[in-house]
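[1] With the sequence up front, the predicted model follows.
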Amino acid sequence: MFTKFDMSQPNSYYRPDIDGLRALAVLSVVLFHAFPEWFHGGFIGVDIFFVISGYLISSIILKDLESRSFSFSDFYIRRIKRIFPTLILVLLSCLVFGWFALLSDEYQQLGKHIFGASTFTNNFMFWQESGYFDNDSNTKPLLHLWSLSTEEQFYLLWPFLLWALFKWRAYLGRILLSFTIGFTLLHFLTFYSDRIVSFYAPYARFFELLIGACIAYQHLHAKTKTTHPLLKKFKSIQSFIGLGLILIGIQIITKESHFPGWYALLSPVLGAALIIDSPQDSFINKHLFSNKVLVWIGLISYPLYLWHWSLLSFGSIVASQMPPLSIRITLVILAFLLATLTYYLIEKPIRFGDPKKSKQKAILLVLIMVLIGIAGGIIYKEQGLEGRNAARPVVKHEGDLGNNFYSLYINKNFYICDDELLIKSIKNFGVRCFQSKKDQPIDIAIIGDSHAEHLFIGLAEAMPTKNIMYYSGVYIPNENNAEFKEIYSFIIKNLGVHKVIISAYWKHRLGNVPKKSSLSAQLIPSIKSLEVNNKKIYITDDTPNFSFSPKQCKYIRPLSNKNNCQEDSDYFYSQDKKYLPELKIIEKKTKTKLIYTSNALCSHNTCSMEKNNKILYSDEQHLNANGSRYIANFIIDRNLLD
């Protein structure tokens, strides 16, 4: 990802504009991580790095093969001297800081990721950890190293493959192009079947490195003169086009976008390829990317990439939320300072010191990395070394944070919906359906996803004379989705159901909205079909989604004495504004009443997952039983279900 031509090699040369492009990539990533509210698509900088790395490394290998000077041992020694020093320093720093700052489960997770980083398998670990109930990314100080693992896995294979293919050097260009097309198709095949796999799996990302390799081959075998006038004109403007594609991507691509896929190919990958393939004396390459400031940032980009996210992540952990703007600015400045010191005091001396000691340096670096990996493994196996002082914080709340919903269903004599149609739906889709009374007509129906479940326990207990049913699926709760079709039909036919509450994890459900449609367009027809059958419809906003786990409410954290249960309300409202306009459209175009449940947990400045000395959440987004009761009482006390 951060390869640079080794100037100690006689057949290498230096392109300052590539360092400038690397600066654009690392700045976009750093600014996205530090200020996600402003730089929505900055994470595409990683894809730019992949193209750059594929170009530079392949150029070195191909040149050495052409001159018959290629050596596997020299190649990997250079890689070790390039990658290991900074990585070792960052991993050791994380281990030391984590010793004093992390709770036992957090330190255990860090130990696991330390082991993954030292063996370059982090991408597989994060792939396996990804899921609906995964920890927030801000709590993983080494999450960004997935890309380094992907790159190093590529370079375990690529030199051997190029060396073997060089026997057919006359056809090498066509072979490289075929590989690139093949892995691009593999990426899209993976992308449409599983986006998590397409993000983390190495084979799904190799096409980006291979595009850089194709450019490297083309540059080594290009004719000295470009004769076709149209090609000449395109060459003069292609870096403008490339820069435009990257800047558009940073602006329009978000975490909710269907990424990587076409977004990755058409913005960062194609954009970077056009810039790299442009002549060095073209306007953008010469006057922008060869600028001394950008070149300097490009030189320190590798340590800057490694330092910045670890600092921001630890800042989030200690603050128990995304740190305030002033702290984030300070951490970015600190990342630049550490990156500069690391580059000049650690990286350069080791990389460009006495070449006679290169082998000894590489062996020592590998041994240190092995020891770090072993340390990480021990920390993971020993469950975060619970004997540390940091692992024994002051406890504010005892007890389990879990929902305990299922046991409550049993203890409160709530029943699985026994209607024939609902049983059929449950079998077909694995959805949940419960009702508060068995042999009594249903009065109130709650439909939605797991966030609808938030309302069921509390309302059922607060309204003991009513029979309340909830029906939970995993898509937008409208009658066009097969899992909800039968429940709408059931509610319409059931004359006793006078009130219907629709609730969901709306921000997440936006991802289920088909193209050329909207959330309101998906729900309004279904709501109107209920209204014409004399049903009163209520729709709720979502409860706040926090950036930290409620387990942090249980403790006074090490290195912090703040209220660990509160978060700036701006964090919630930044999510709220993505879907709330759609709910207001529904309220305006139907007779639906919009209930603001978030008002129960948010004041003007803060949102809290703790009320009346009780924790109300089971994870970052789901209420527990206490939370369900609290929200229900809020609704009932204010007569919001009039």
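    On my side now, so go ahead.

[2] Now do the domain split for this protein, please.
    Following automatic domain parsing, one finds the domains of the chain at 16-81+116-320, 405-637.

[3] Same list (the ones you listed) but as JSON lines, adding distance to residue 383.
    No exception for glycine: its C-beta is placed from N, CA and C like everyone else's. Listed next are the domains of the chain as JSON lines, based on distance: least, CB to CB, whole Å:
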{"stretch": "domain 16-81+116-320", "distance to residue 383": "16"}
{"stretch": "domain 405-637", "distance to residue 383": "15"}
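
[4] Mind listing residues that contact stretch 206-221?
    Residues external to stretch 206-221 that are found in contact with it (CB atoms under 8 Å, 6 or more residues apart in numbering): 47, 50-59, 62-63, 66, 151, 154, 158, 172-173, 176-177, 179-180, 183-184, 186-187, 264, 269, 272-273, 276-277.

[5] Report the buried members of those residues.
    Neighbour-count burial (16 or more other CB atoms under 10 Å) is assigned, among the contacts of stretch 206-221, to 47, 50-59, 62-63, 151, 154, 158, 172, 176-177, 179-180, 183-184, 186-187, 264, 269, 272-273, 276-277.

[6] Is there a neighbour count for the closest residue to residue 606 other than its chain neighbours? I'd like the number.
    Leaving aside its chain neighbours, residue 606 sits nearest to residue 566 (4.6 Å; criterion: CB to CB, 6 or more residues apart in numbering). Burial measure for residue 566: 19 neighbouring residues, criterion other CB atoms under 10 Å.

[7] check contacts around residue 566.
    Applying CB under 8 Å, 6+ apart to residue 566 gives the contacts 321, 606-608, 610.

[8] Quick one, which of the residues you listed has the minimum pLDDT?
    Lowest pLDDT among the contacts of residue 566: residue 321, with 73.

[9] Please list the residues outside stretch 358-373 that contact it.
    73, 76-78, 80-81, 84-85, 87-88, 91-92, 95, 114-115, 118-119, 350, 353.

[10] just checking, next helix/strand downstream of the lowest-mean-pLDDT helix or strand in the chain?
    When the helices and strands of the chain are scored by mean pLDDT, DSSP states H and E, strand 394-395 comes last with a mean of 66. Per DSSP states H and E, strand 394-395 leads on to helix 405-411 as the next helix or strand towards the C-terminus.

[11] now the strands for the stretch 151-300 of the chain?
    Assigned strands in the stretch 151-300 of the chain: none (criterion: DSSP state E, counting those that start in this stretch).

[12] same check, this time on the chain
    Assigned by DSSP state E, the chain shows strands spanning 394-395, 415-416, 432-435, 444-448, 468-472, 499-503, 536-540, 555-556, 566-568, 593-595, 606-608, 610-611, 614-615.

[13] what about those strands, which gets the closest to residue 36?
    Proximity to residue 36 (CB to CB) singles out strand 566-568 among these, at 13.7 Å.

[14] List the strands paired with the closest one, with their directions.
    With DSSP bridges as the test, strand 566-568 is paired with strand 606-608 (antiparallel).

[15] Contacts for the partner strand, please.
    Contacts of strand 606-608 (CB under 8 Å, 6+ apart): 544, 546, 563, 565-569, 571-572, 598, 601-602.

[16] Just the buried ones from the residues you listed?
    Taking 16+ other CB under 10 Å as the criterion, what is buried in the contacts of strand 606-608 is 544, 546, 565-569, 571-572, 598, 601-602.

[17] Put together a markdown table for those, with distance to residue 552 and pLDDT on each row.
    Supplementary listing: the buried ones among the contacts of strand 606-608 in a markdown table, determined by distance: CB to CB, whole Å; pLDDT from 0 to 100:
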| residue | distance to residue 552 | pLDDT |
| --- | --- | --- |
| 544 | 15 | 90 |
| 546 | 9 | 86 |
| 565 | 8 | 82 |
| 566 | 11 | 83 |
| 567 | 11 | 83 |
| 568 | 15 | 82 |
| 569 | 18 | 84 |
| 571 | 15 | 79 |
| 572 | 17 | 83 |
| 598 | 20 | 92 |
| 601 | 16 | 93 |
| 602 | 18 | 91 |
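
[18] Those residues in helices, which ones?
    Among the buried ones among the contacts of strand 606-608, the ones falling in helices (DSSP state H) are 569, 571-572.

[19] Can you tell me which of those is nearest residue 580?
    Sorting those by distance to residue 580 puts residue 572 at the head of the list, at 10.8 Å, by CB to CB.

[20] returning to what we had before: could you flag which of the contacts of stretch 358-373 are buried?
    77-78, 80-81, 84-85, 87-88, 91, 95, 114-115, 118-119, 350.

[21] Okay, residue 362 and residue 615: tell me how far apart.
    With distances taken as CB to CB, to the nearest Å, residue 362 is found 51 Å from residue 615.

[22] who's more crowded, those two?
    Taking other CB under 10 Å, residue 362 and residue 615 do not tie; residue 615 has more neighbours (23 against 19).

[23] Around the residue lying closest to residue 66 once chain neighbours are set aside, how many other residues sit close by?
    Nearest non-adjacent residue to residue 66, counting by CB to CB, 6+ apart: residue 220, 7.1 Å away. Residues lying near residue 220 (other CB under 10 Å) number 15.

[24] Check residue 614 too.
    Every residue meeting other CB under 10 Å relative to residue 614 is counted, giving 16.

[25] nearest spatial neighbour of it, skipping sequence neighbours?
    residue 626 (4.7 Å).

[26] show me what contacts that neighbour?
    Neighbour list for residue 626: 614-616 [criterion: CB under 8 Å, 6+ apart].

[27] Next: residue 269.
    Per CB under 8 Å, 6+ apart, neighbours of residue 269: 47-48, 50-51, 207-208, 211.

[28] rerun that using 7 Å as the cut-off
    47, 51, 208, 211 (CB atoms under 7 Å, 6 or more residues apart in numbering).

[29] gap between it and residue 217?
    Here residue 269 is placed at a distance of 17 Å from residue 217 (CB to CB).

[30] How about residue 355?
    Here residue 355 is placed at a distance of 28 Å from residue 217 (CB to CB).

[31] go on, residue 73?
    Relative to residue 217, and taking CB to CB, residue 73 is found at 24 Å.

[32] Please apply the same query to residue 307.
    34 Å.

[33] Comparing the two, which shows the higher neighbour count?
    residue 307 (26 against 20).

[34] so that one makes contact with residue 89?
    No - Residue 307 lies out of contact with residue 89 (CB atoms under 7 Å); the separation is 9.0 Å.

[35] what about the stretch 1-150 of the chain, any weak spots by pLDDT?
    1-13, 131-136 (pLDDT under 70).

[36] what are the ranges of the helices in it?
    16-34, 45-66, 72-101, 104-118, 122-129, 146-165 (DSSP state H, counting those that start in this stretch).

[37] And the stretch 301-450 of the chain, by the same measure?
    301-319, 325-342, 348-352, 358-381, 405-411, 420-429, 450-462.

[38] closest to residue 529 out of these?
    Nearest of the helices of the stretch 301-450 of the chain to residue 529, taken as CB to CB: helix 420-429 at 16.5 Å.

[39] And the average pLDDT for that closest one is what?
    For helix 420-429, mean pLDDT is 69.

[40] Same question for stretch 290-309.
    96.

[41] mind listing what's buried in stretch 200-216?
    Neighbour counts over stretch 200-216 (16+ other CB under 10 Å) mark 200-202, 204-216 as buried.

[42] next one: stretch 247-265
    249-250, 253, 257, 259-261, 263-265.

[43] just stretch 591-603 next, same as before
    Going by neighbour count (16+ other CB under 10 Å), the buried part of stretch 591-603 is 592-593, 595, 597-598, 600-602.
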